[in-house]
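Student: got a predicted model here, sequence first, then my questions.
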Amino acid sequence: MYSRKENWTIVLNNNIDSWGLHPDASQDIARFQIPVTTTTSSLEFFTMYFKEKNNVTELVMAWDYLEARLPISF
């Protein structure tokens, strides 16, 4: 994940042994750029969870007063 003020870029990479320290972009499966919103409550730790909303599942990622949602459909 690459974070910026307005959006976060989520990267799915085929190399599961790199821990993201020096990612090889040629191994990227997909990249998603999603908007970041401000929340009214703060989270001390980076948190990820799934939430169902209007028959769509979202991967919610939040930290501090920021939140990004990646919609997932099956």
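Tutor: Looks like it came in fine.
Student: for this protein, which strand is longest?
Tutor: strand 28-53 (DSSP state E).
Student: by contact count, what packs against that strand?
Tutor: The contact analysis (3 or more C-beta pairs under 8 Å, 6 or more residues apart in numbering; DSSP states H and E) places strand 28-53 against strand 7-13, strand 56-72. (Each C-beta comes from the backbone N, C-alpha and C, glycine too.)
Student: tally of neighbours for the spatially closest residue to Y49 that is not a sequence neighbour?
Tutor: Excluding the flanking residues, the one nearest Y49 by C-beta to C-beta, 6 or more residues apart in numbering is V60, at 5.5 Å. Counted by other C-beta atoms under 10 Å, the residues lying close to V60 total 15.
Student: which strand residues bridge V60?
Tutor: Taking DSSP bridges, one obtains Y49, R69 as the residues bridged to V60.
Student: I figured it hits F50, correct?
Tutor: Yes. V60 is in contact with F50 according to C-beta atoms under 8 Å; the separation is 7.3 Å.
Student: on the pLDDT front, check E6 for me.
Tutor: Here, the pLDDT recorded for E6 equals 86.
Student: and the longest strand of the chain, how far from the chain's centre?
Tutor: Centre-to-centre, strand 28-53 and its host chain are 5 Å apart (C-alpha atoms, centre = their mean, to the nearest Å).
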